[in-house]
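*Asks:* Sharing a model that was predicted from the sequence below.
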Amino acid sequence: MSASAPGTSAIPSPLPMIGGELLANPYPLYAMLRRASPVFRIPIPGTEGPGQWLLLRHEDAAHVLRDPRFSADRRRAAVLQQNRAILPPEILGEQGGFRTMLVMDPPDHTRVRALVSKAFTPRRVASLRQHIEGLVDELLGSLVGRGGMDVIADFAAPLPAIVIAELLGVPRRDYPQFKAWSNDLISLAGGMDRDGALARFRRGLDALLGYLREIIAARRQEPQDDLISAMIEAQEAHDALSDGELLATSNLLLLAGHETTTNLIGNGLLALLRNPAEFERLRAEPALLRSGIEEMLRYDSPVQATVRIPIEEIELAGQRIAPGALVVVGIGAANRDPAVFPEPDRFDVARTENRHLSFGFGAHFCLGAPLARLEAEIAFQALLHRFPNLRLEKTDVTYRPNVVLRGLTALPVAF
């Protein structure tokens with residue numbers, strides 16, 4: 001067991017009460033907190049100032065995500081400023097490769113997003129269908145005759161990793177390596193002093209950024225028909241991106257382009273396997289697949305939270321939140337709000353009016369949402385067709401110790 005770094009006990013995690021057994025099912029806790037106070041103040045020992053708040057209602061979460069009085073730039077949070085001497089600069093987004101559009105406000109966010117969004121238009125995403133279908137057939141075809149698989153390692157992880165790598169211009173053969181680096185990076189969300197997580201984070205980040213710098217340098221010499229080449233062209237022709245923004249955007253797309261979709265497929269399939277009547281319903285009525293995927297996103301969101309910082313005093317649910325507070329938008333909690341979703345703890349593949357927040361809301365709505373939906377649709381079509389007798393090998397599953405990106409370490413199934 002590693003020793004805690006000095007002062008790390010004062011540093012808040014986005015959902016500090018979620019850990020241990022609660023990782024398996026945090027939703028009863030969300031419901032209990034919502035009933036107690038829908039805008040819940042989280043004490044931070046040893047700190048002063050506006051503190052940290054957790055939003056548990058859909059109404060408040062959606063409001064904050066679209067309200068320009070809330071900044072996405074976490075450096076504005078008082079608690080992070082108070083602890084900046086002991087925080088790695090990467091966490092604050094002060095290193096070029098880690099300051100992404102996710103933590104930018106306009107006009108920088110608008111400029112960078114406008115450039116990257118050209119790669120994720122509905123037409124561009126739709127054109128990928130046949131290629132993704134081929135990848136799915138290749139991955140699942142290799143499993144025929146085995147009688148079982150680990151859905152995460154054998155299918156849900158490689159599929160989106162290969163897709164985003166090819167879009168960016170990263171060699172497909174390298175996906176196991178950048179997947180390993182990605183695991184190092186997201187380990188930090190479990191706590192800076194957990195099992196050497198900070199050392200793993202820095203090791204993974206250094207390796208990944210070094211790798212991307214080599215890809216970018218190669219594309220400057222020999223442009224290809226890929227997104228990194230397109231961003232370099234925009235940078236050189238229109239001064240649209242700084243070197244740091246180019247690196248950070250490549251990093252973000254590579255990581256976000258596969259982590260969340262892996263979790264969507266894993267969490268979604270687990271929900272189906274634990275609700276066999278809904279699984280059979282989906283098999284009998286394939287037209288429900290799209291609404292079923294939206295329900296998977298709502299029921300067990302791959303992203304459980306994001307943060308915003310108020311730039312002026314705001315009142316929410318009778319609570320006054322001061323400028324500089326760290327406001328945790330509880331996406332997972334909002335998606336189970338009974339005021340918006342009747343019987344929110346019931347998994348219903350035919351649910352209508354499914355206004356979940358799993359892709360965010362407002363200006364920072366996920367650019368990759370159309371691609372994630374397409375990958376999930378093709379993946380589940382194939383799973384339903386190829387493996388009619390799919391079943392869990394064991395009832396207990398293990399979640400990665402990450403309170404923000406909710407996903408399984410493995411999902412063993414038999415067929």
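*Replies:* Right, received. Where do you want to start?

*Asks:* where exactly do the strands run in this structure?
*Replies:* Taking DSSP state E, the strands of the chain run over residues 39-42, 52-55, 70-71, 148-150, 305-310, 314-316, 319-321, 326-330, 391-392, 412-414.

*Asks:* From the contact counts, what lies against the fourth one?
*Replies:* Identification of packing neighbours for strand 148-150 by 3 or more C-beta pairs under 8 Å, 6 or more residues apart in numbering; DSSP states H and E yields strand 412-414. In short, each C-beta sits where N, CA and C put it, glycine included.

*Asks:* next one: the longest one
*Replies:* Using 3+ C-beta pairs under 8 Å, 6+ apart as the contact definition, the elements that strand 305-310 packs against are helix 58-66, strand 70-71, strand 326-330, helix 331-334.

*Asks:* same deal with the second one?
*Replies:* Other helices and strands packing on strand 52-55, by 3+ C-beta pairs under 8 Å, 6+ apart, are strand 39-42, strand 326-330, helix 331-334.

*Asks:* coming back round to it: so which of the helices and strands packed on strand 305-310 comes closest to Val79?
*Replies:* strand 326-330 (5.5 Å; C-beta to C-beta).

*Asks:* Give me the angle between the closest one and strand 305-310.
*Replies:* If you take axes from the mean of the first three to the mean of the last three C-alpha atoms, to 10 degrees, strand 326-330 sits at 140 degrees to strand 305-310.

*Asks:* so where is this structure shaky, pLDDT-wise?
*Replies:* Residue ranges of the chain with pLDDT under 70: 1-20, 47, 90-98, 188-195.

*Asks:* From the chain's centroid, how far away is the longest helix along it?
*Replies:* Counting residues, the longest helix in the chain under DSSP state H turns out to be helix 243-274. On the basis of C-alpha atoms, centre = their mean, to the nearest Å, helix 243-274 is displaced by 6 Å from the centre of the chain it belongs to.

*Asks:* for it, which positions count as buried?
*Replies:* Within helix 243-274, the residues scored as buried using 16 or more other C-beta atoms under 10 Å are 245-273.

*Asks:* try stretch 382-392
*Replies:* Ala382, Leu383, Leu384, Phe387, Leu390.

*Asks:* my read: the second one touches Leu269, true?
*Replies:* Yes - between Leu383 and Leu269 there is a contact at 6.9 Å, judged by C-beta atoms under 8 Å.

*Asks:* quick one on the thing from earlier: for Gly169, which of the helices and strands packed on strand 52-55 is the nearest?
*Replies:* For the helices and strands packed on strand 52-55, the distance to Gly169 is smallest for helix 331-334, at 30.9 Å, taking C-beta to C-beta.

*Asks:* packing partners for the closest one?
*Replies:* Under the contact definition 3+ C-beta pairs under 8 Å, 6+ apart, helix 331-334 sits against helix 27-36, strand 52-55, helix 58-66, strand 305-310.

*Asks:* Just name the most buried of those.
*Replies:* The highest average neighbour count among the helices and strands packed on helix 331-334, using mean count of other C-beta atoms under 10 Å, belongs to strand 52-55 at a mean of 25.

*Asks:* Give the pairing partners of it; include direction for each.
*Replies:* Taking DSSP bridges as the criterion, strand 52-55 forms sheet pairs with strand 39-42 (antiparallel), strand 326-330 (parallel).

*Asks:* for the last one, the distance to its chain's centre please.
*Replies:* Okay, so that is strand 326-330. In this view, strand 326-330 has its centroid 15 Å away from the chain centroid, taken as C-alpha atoms, centre = their mean.

*Asks:* now that strand against helix 58-66, angle please.
*Replies:* Going by the same axes, to 10 degrees, strand 326-330 makes 120 degrees with helix 58-66.

*Asks:* about what we covered before: can you check which of the strands of the chain gets nearest to Pro106?
*Replies:* Each of the strands of the chain has some distance to Pro106 by C-beta to C-beta; the shortest is strand 70-71, at 10.1 Å.

*Asks:* Who are the packing partners of the closest one?
*Replies:* Packing contacts for strand 70-71, counted by 3+ C-beta pairs under 8 Å, 6+ apart, involve strand 305-310.

*Asks:* Outside of the strand it packs on itself, which residues are in contact with it?
*Replies:* Residues outside strand 305-310 that contact it (C-beta atoms under 8 Å, 6 or more residues apart in numbering): 14-15, 64-65, 69-74, 76-77, 321-332, 360, 364, 403-404.

*Asks:* One more pass at 7 Å, please.
*Replies:* Outside strand 305-310, the residues that touch it by C-beta atoms under 7 Å, 6 or more residues apart in numbering are 14-15, 64, 69-74, 76-77, 321, 323-332, 360, 404.

*Asks:* Likewise for stretch 350-360?
*Replies:* Counting contacts by C-beta under 7 Å, 6+ apart, the residues touching stretch 350-360 from outside are 58, 61-62, 65, 288, 291, 294-295, 297-298, 301-303, 306, 331, 334-335, 340, 365-366, 369.

*Asks:* Can you select the buried ones from those in ChimeraX?
*Replies:* Those of the contacts of stretch 350-360 that meet the burial criterion (16+ other C-beta under 10 Å) are gathered into one ChimeraX selection, given here:
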select :58,61,62,65,288,291,294,295,297,298,301,302,303,306,331,334,335,340,366,369
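
*Asks:* In a markdown table: the strands of the chain, plus distance to Pro106.
*Replies:* Rendered in a markdown table, the data for those read as follows (distance: least, C-beta to C-beta, whole Å):
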| stretch | distance to Pro106 |
| --- | --- |
| strand 39-42 | 26 |
| strand 52-55 | 22 |
| strand 70-71 | 10 |
| strand 148-150 | 43 |
| strand 305-310 | 14 |
| strand 314-316 | 19 |
| strand 319-321 | 21 |
| strand 326-330 | 19 |
| strand 391-392 | 46 |
| strand 412-414 | 45 |
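
*Asks:* between those strands, which one is nearest to Arg111?
*Replies:* Nearest to Arg111 among the strands of the chain is strand 70-71 (16.5 Å), distances taken as C-beta to C-beta.

*Asks:* how about the helices and strands packed on strand 305-310 in JSON lines, adding distance to Arg200?
*Replies:* What follows is those, written out as JSON lines (distance: least, C-beta to C-beta, whole Å):
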{"stretch": "helix 58-66", "distance to Arg200": "30"}
{"stretch": "strand 70-71", "distance to Arg200": "29"}
{"stretch": "strand 326-330", "distance to Arg200": "24"}
{"stretch": "helix 331-334", "distance to Arg200": "25"}
